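> Take this sequence and fold it.
(2 chains, ligands or ions: 1)
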Amino acid sequence: MNIVVCMKSVPSSETKVKVDSDGVSIEQTDVVYEINPYDEIAIEEAIRAKEAHGGKVTVLTLGPSTASQNIRKALAMGCDEAVHLICENVELADSSAVAELLSSSIKEMEFDVIFCGKKAIDCDNHQVPNRLAQLLDIPAVTAIFNLVLTTESGSAKREIEGGTELVTVNLPALFSAEKGLNEPRYASLPGIMAAKKKPFEERQVSLGDEKLTILSIELPPPTAEGRIVGEGPEAAGELVRILREEAKII
Amino acid sequence: MSLYQGVDFYNIDELLTEEERLTRDSVREFAEEKIMPLIAAHYREGTFPTELIKPMAELGLLGANLPEKYGCAGSSDTVYGLICQELERIDSGIRSFVSVQGSLVMWPIYTYGSEEQKQKWLPKMAKGEVIGCFGLTESDHGSDPAGMTTKAVLEGDEWVISGSKMWITNGTLADVALVWAVTDEGIRGFLVEKGTKGFSTNEIKGKLSLRASDTSELVFDSCRIPKESVLPESDGLKSPLSCLKQARYGIAWGVVGAAMACYDEALRYAGERIQFGKPIASYQLVQRKLVNMLSEITKAQLLVFRLGRLKDAGKESVEQVSLAKRNNVKMALEIARNARDILGAAGITDEHQAMRHMANLESVYTYEGTHDMHTLIIGKKITGLGAFT
Ligand SMILES: Cc1cc2nc3c(=O)[nH]c(=O)nc-3n(C[C@H](O)[C@H](O)[C@H](O)COP(=O)(O)OP(=O)(O)OC[C@H]3O[C@@H](n4cnc5c(N)ncnc54)[C@H](O)[C@@H]3O)c2cc1C
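Numbers count the residues shown, from 1 in each chain, chains lettered A, B, ... in the order given. I've put the predicted structure just below:
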């Protein structure tokens, strides 16, 4: 089974994001990049699929040259090969242009299954998996929390309003991962040592037409400090007074 | 509470290789997610978390710097140091377990053992299927191991071991004990398997330090083991001392982790704790304590980084290792005490880490050569005059 997993490097969720002076990008200093957490789940699912059915896992990243350490981590976890499409400043790039680049790279490979995370936690667009499947003309099941894979098909479960949807698709197909699909493994020391010797292709690319332009980025306004008006039933009177007279809500 | 990020005021990260950073981050994640949630309860109960042995083995943390040929990861000594740092960031007991298994049992088998012994023990020890302990100290011979009285006498095809060892980490847990005993040809190392007639262990109770670690007495009552159980290349006191050099190296790295944890905790707490209407971090005396911590941690980090590079090149001396162990353990102990101070009363419970680290570091200050013995080792080197034999 040939498996491709798409992975993005994103600022760690611990990052205190600062808007750059240009007003449309994020300041890069002191930002630590990690594997997008949903992509980490996708990587784990890809490795498990390989362990069950044989074949190989290729990890594909579009991102700046600094993303290489996270690609190496994916190899250390158990991916077999890596393709790094190097392009600076794609962090907030238009999803359609990103999907174009990924799809043209995937079209050069043999593939049965593609795994993605359901979204990248930096811009939260949820766009790339669907666009990618569309460009490759294969079915996509998004935000899955369970998958049963055979060599011909995949049956995936996803949460929908008030219930669970079970979707079965023939391969080749794309699945995007939701939390709960699996618990990603840690990169082991032998894995890290082995990763140094795995095929790692780097290619410079440039973004095509961007259909979307970011006009400005702003941080949410700082939340005002809370105020404790008292404790227990005695505080109720004062609270009602504040809600009525100061906040004017009631 | 946000995730621990490590302390790196001098961008030492830039000096590390990709492999070193990846390992550090992987072990850090594992330690944070899998060890941290269980450590306080084990500490309270006085038990070693055996449930961690398998996951740690799967990560390749046992005997990490030994060759792949024996089922180990074959990583560098700097990588091994970083592993110790991340484990001791959680608790010295976990790092002690890994130090003993890797540096004090697997390393000597690798260095002084026969090919048959290496094949028999190392792969299983790397997988965590066999746990080892290292018996050098006796109740009457701590800093002075040359005075040991445990004896091994060759009788036909068997060695007969008599005596006892005290303060042995992993002693009760271990499947195999590496025991140092006096023979007609001087001190030699022996592998004694658990369950051998005449060999028993007693766990030491009432510890106020390293509670999440097994510390035991080993008793040998005319214990008979096959002739082949001796480590053939072991030869005199210098053999166990060379093992200690490996373990001390890991300790010098490990305690930086403990210090980083205490600093991190104190810094966060000081920023949140309000007294006299302001965070205590805004007061000059508290800032000085925090700055002193950061300054000492940074120096200690640079020390072990350089020591790691020397060791990777096979150029580190006994005294250089002593200096790093001596400096860094003292540094970590002071930082733990200061962190406990900054936390006030909150610092004395096991809801916080500082006091646990502080209590642990009292053992680390003593074991693997006491602080003062390292002073004397370095003193002898620079003056040419031995203050002990
Ligand atoms: C938790 C724990 C785990 C341990 N694990 C192991 C283990 O796995 N295997 C093992 O073999 N041992 C182990 N030890 C033993 C440890 O290595 C010894 O405790 C250590 O070597 C010190 O010996 P001692 O306790 O007998 O102290 P002593 O040697 O009696 O020292 C007491 C004091 O006297 C000082 N002193 C001694 N001689 C001199 C001198 N010549 N000049 C100046 N000062 C001197 C020391 O510095 C110290 O301050 C462990 C100890 C602890 C606490």
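
> how much space is there between residue A:4 and chain B?
As for residue A:4, its distance to chain B is 22 Å (criterion: CB to the nearest CB, to the nearest Å). Placement of C-beta: from N, CA and C, glycine included.

> cool, and residue A:165?
From residue A:165 to chain B the distance is 31 Å (CB to the nearest CB).

> from what I can see, that residue looks like it's in a strand, true?
Yes - counting by DSSP: H, G, I helix; E, B strand; the rest coil, residue A:165 falls inside a strand.

> Quick check: phi and psi at residue B:313.
Per-residue torsions, residue B:313: phi -90, psi 0 (degrees, to the nearest 10).

> Run a quick neighbour tally on it.
Neighbours of residue B:313 under the rule other CB atoms under 10 Å in any protein chain shown: 9.

> measure it to residue B:71 for me?
Residue B:313 sits 25 Å away from residue B:71 when distances are taken as CB to CB, to the nearest Å.

> Then residue A:1?
For residue A:1, the distance to residue B:71 equals 29 Å [CB to CB].

> Next: residue A:193.
13 Å.

> for the closest residue to the ligand within chain A, what are its contacts?
At 23.8 Å from the ligand, residue A:189 is the closest residue in chain A, using CB to the nearest ligand atom. Contact analysis of residue A:189 by CB atoms under 8 Å, 6 or more residues apart in numbering or on different chains lists B:23, B:26, B:59-61, B:64, B:73, B:75, B:79.

> what does residue A:126 give?
For residue A:126, counting by CB under 8 Å, 6+ apart, the contacting residues are A:118-119, A:142.

> pretty sure residue B:161 belongs to a strand, no?
Yes - counting by three-state DSSP, residue B:161 is found in a strand.

> wait, doesn't it sit right on residue B:180?
No - between residue B:161 and residue B:180 there is no contact under CB atoms under 8 Å: 10.4 Å.

> any shared contact partners between those two?
By CB under 8 Å, 6+ apart, the residues touching both residue B:161 and residue B:180 are B:150, B:190.

> Can you show me the CA trace of the longest strand anywhere in chain A as PDB?
With secondary structure taken from DSSP state E, chain A has its longest strand at strand A:140-149. Provided in PDB are the C-alpha atoms of strand A:140-149 (Å, rounded to 0.1, in the frame of the first residue of the first chain):
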ATOM      1  CA  ALA A 140     -12.400  12.400   0.700                       C
ATOM      2  CA  VAL A 141     -13.700  11.600   4.200                       C
ATOM      3  CA  THR A 142     -12.900  14.400   6.500                       C
ATOM      4  CA  ALA A 143     -12.500  14.700  10.300                       C
ATOM      5  CA  ILE A 144     -12.600  11.000  10.900                       C
ATOM      6  CA  PHE A 145     -12.200   9.500  14.400                       C
ATOM      7  CA  ASN A 146     -12.200   5.900  13.300                       C
ATOM      8  CA  LEU A 147     -10.900   4.000  10.300                       C
ATOM      9  CA  VAL A 148     -11.000   0.400   9.100                       C
ATOM     10  CA  LEU A 149      -8.800   0.000   6.000                       C
END
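
> which outside residues touch it?
Taking CB under 8 Å, 6+ apart as the rule, strand A:140-149 contacts A:45, A:49, A:52-53, A:113, A:118, A:126, A:129-130, A:132-134, A:154-159, A:167, A:169, A:173-181.
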